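Engineer: can't give you the sequence, but here's the structure:
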Ligand SMILES: Cc1cc2nc3c(=O)[nH]c(=O)nc-3n(C[C@H](O)[C@H](O)[C@H](O)COP(=O)(O)OP(=O)(O)OC[C@H]3O[C@@H](n4cnc5c(N)ncnc54)[C@H](O)[C@@H]3O)c2cc1C
């Protein structure tokens, strides 16, 4: 570092045009400002630069580079591995970039790089529109989109990146560019799955779809039925209409409404459904599955606004809990894998620990593996093994369960994993997740970030570095 004063103080002196707050360890709001969603991540940046616009982003990048400080970029701060923050470096916090502009005629929404999906879903929902995102409304648009974006609407309308029309980025050089099919198409290819490796996105433009009321919610079965229900699910879903999606899950029923008291704290397996269409068509679509398995303990599927389904599990997963994530892509679920799931899924170490299988077929398969950086278009599910608990004393137990569970199932996986649901697991794991796209990503990285300024992420090294 070339200064003798602390980075936050140096930034305040040097960045006189910076509009947002510049927060350092000596400031009263530092503890709150440095906290991220996963409380297992406890990093102490030297400076948190809360950018008010793209010019602030460029100034903060320049400051970090000039002072030789590691740079992290924070969108919604949800990343399990804590890749939105860094010890002793500069965090560019995008949480002030909140503009949202829906164009109902063009069926698009323009979104600031620091928005959360709940904010976007509420705005598009007012027009009966939605763009595919995830399953929790507090997740950041930035990280979820740049990593791919899997959720309730994936089978019907594709990944989030399949609905990205353009992005405005600040590059490592400080230059501001637009990436789209027409402008910087190589960059546009890379940011659709390649994460925050290429620049800071100040604004996204998404296509939206007519999605007003959906028919959704969970069906729960006793965990003892898990093998039977999972076997039926793996046969059923790939042939189900695209309007229907459902992710398989192991859960402990939360002791609160809307869950009936008699099943509170019961170990269950479940499928959380989302049907884009009428209640009658939803019933028809679900019938073959429901007729082939035992009666559920609870079938809470009903019409509701899309934004309501997106927020249904927010209360169960508030910020500030301990999280340990593992993940794998899955093409098939053979009987041996079903038995292992039934074993591990019925022994979670805490009430919130869970395993989800997110479908990635349907419209997600319309896009070829090399059309975007997101290569696993031939997989059918993304599995995530998430150990979660409020109590830091249980951190080891949730970590152990996630690791043991994923390691047991990994031999039945497709190889790589969804980068947004991995921990910081090293270069080989990142390469495995991009497969044949990795080489091209490394070349784009060399063009746009040859010095690897953006390296606090699932990192792609510049070709030749
Ligand atoms: C409770 C929970 C539920 C989830 N559910 C889903 C789901 O249903 N579907 C799904 O696909 N994923 C899901 N995820 C995973 C989620 O996609 C990742 O955690 C993602 O990294 C979160 O993005 P963020 O912006 O909130 O995180 P951050 O920690 O802020 O950032 C994550 C990464 O993205 C980069 N980044 C963020 N914003 C920008 C930007 N504007 N420009 C450049 N780089 C940026 C950061 O530098 C960092 O490397 C979930 C996560 C949690 C915690």
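Structural biologist: Happy to help now that I have it. Bear in mind the structure is a predicted one, so any value in this text is a computation, not a measurement.

Engineer: okay, CA-based contacts and neighbour counts for the rest of this
Structural biologist: OK.

Engineer: Counting neighbours, what do you get for residue 60?
Structural biologist: By the criterion of other C-alpha atoms under 10 Å, residue 60 has 26 neighbours.

Engineer: dump the residue contacts of it.
Structural biologist: Residue 60 makes contacts with 49, 90, 92, as judged by C-alpha atoms under 8 Å, 6 or more residues apart in numbering.

Engineer: Stretch 239-250 near the ligand at all?
Structural biologist: No. Between stretch 239-250 and the ligand, judged by C-alpha under 6 Å from any ligand atom, nothing touches; the nearest distance is 9.9 Å.

Engineer: In a strand, residue 201, correct?
Structural biologist: Yes. Assessed with DSSP: H, G, I helix; E, B strand; the rest coil, residue 201 lies in a strand.

Engineer: nearest residue to it other than its sequence neighbours?
Structural biologist: residue 169 (4.3 Å; C-alpha to C-alpha, 6 or more residues apart in numbering).

Engineer: List the buried residues for stretch 111-127?
Structural biologist: 111-125 (16 or more other C-alpha atoms under 10 Å).

Engineer: Return the residues of the stretch 1-150 of the chain in contact with the ligand.
Structural biologist: So the stretch 1-150 of the chain meets the ligand at 72-80, 82-84, 113-114, 134-136, 139-144, 149-150 (C-alpha under 6 Å from any ligand atom).

Engineer: Just the ones in helices from the residues you listed, please.
Structural biologist: Using DSSP state H, 141-144 are the members of those that sit in helices.

Engineer: Same list, those, but as TSV with neighbour count please.
Structural biologist: Formatted as TSV, those follow (neighbours: other C-alpha atoms under 10 Å):
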residue	neighbour count
141	27
142	29
143	28
144	26
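
Engineer: Using JSON lines, please lay out those together with pLDDT.
Structural biologist: Output for those, formatted as JSON lines (pLDDT from 0 to 100):
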{"residue": "141", "pLDDT": "98"}
{"residue": "142", "pLDDT": "98"}
{"residue": "143", "pLDDT": "98"}
{"residue": "144", "pLDDT": "98"}
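
Engineer: Number of residues surrounding the residue of the stretch 351-465 of the chain found nearest the ligand?
Structural biologist: With C-alpha to the nearest ligand atom, the shortest gap between the stretch 351-465 of the chain and the ligand falls at residue 457, namely 3.9 Å. Counted by other C-alpha under 10 Å, the residues lying close to residue 457 total 22.

Engineer: Could you pull up the residues touching it?
Structural biologist: Counted by C-alpha under 8 Å, 6+ apart, residue 457 has contacts 83-84, 195-197.

Engineer: How about the secondary structure of the residue nearest to residue 201?
Structural biologist: strand.

Engineer: what pLDDT, on average, does stretch 339-348 get?
Structural biologist: For stretch 339-348, the mean per-residue pLDDT is 98.

Engineer: what's next to it, contact-wise?
Structural biologist: Under C-alpha under 8 Å, 6+ apart, the answer for stretch 339-348 is 223-224, 226-227, 250, 267-269, 354-355, 387, 401, 405, 408-409.

Engineer: mind checking how far whichever strand or helix holds residue 355 is from the chain centre?
Structural biologist: Taking DSSP states H and E as the criterion, residue 355 maps to strand 354-359. Centre-to-centre, strand 354-359 and its host chain are 13 Å apart (C-alpha atoms, centre = their mean, to the nearest Å).

Engineer: now for that strand, which elements pack on it?
Structural biologist: Strand 354-359 sits against strand 244-252, strand 381-389, with contacts defined as 3 or more C-alpha pairs under 8 Å, 6 or more residues apart in numbering; DSSP states H and E.

Engineer: ok, 10 Å please
Structural biologist: Applying 3 or more C-alpha pairs under 10 Å, 6 or more residues apart in numbering; DSSP states H and E, we find strand 354-359 packed against helix 154-157, strand 244-252, strand 267-275, strand 322-330, helix 335-345, strand 381-389, helix 395-409.

Engineer: what are the pairing partners of that strand, and which direction each?
Structural biologist: Within its sheet, and counting by DSSP bridges, strand 354-359 is paired with strand 244-252 (antiparallel), strand 381-389 (antiparallel).

Engineer: Around the ligand, pick out the residues from the stretch 301-450 of the chain.
Structural biologist: Contacts of the stretch 301-450 of the chain with the ligand, taken as C-alpha under 6 Å from any ligand atom, map to 317, 420-421.

Engineer: Select only the buried ones of these in ChimeraX?
Structural biologist: Per 16+ other C-alpha under 10 Å, the buried members of those correspond to this ChimeraX selection:
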select :420,421
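
Engineer: Kindly reformat the residues of the stretch 301-450 of the chain next to the ligand as a markdown table and extend each row with pLDDT and secondary structure.
Structural biologist: Below are these laid out as a markdown table (pLDDT from 0 to 100; DSSP: H, G, I helix; E, B strand; the rest coil):
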| residue | pLDDT | secondary structure |
| --- | --- | --- |
| 317 | 95 | coil |
| 420 | 98 | helix |
| 421 | 97 | helix |
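
Engineer: picking that back up, with pLDDT and neighbour count as added columns, please give the contacts of residue 60 in CSV.
Structural biologist: Converted to CSV, the contacts of residue 60 look like this (pLDDT from 0 to 100; neighbours: other C-alpha atoms under 10 Å):
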residue, pLDDT, neighbour count
49, 98, 28
90, 98, 29
92, 98, 26
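
Engineer: Keep only those of those residues that are in strands.
Structural biologist: 49, 90, 92 (DSSP state E).

Engineer: Closest one to the ligand out of those, please.
Structural biologist: Closest to the ligand, out of all of those and judged by C-alpha to the nearest ligand atom, is residue 92, at 8.7 Å.
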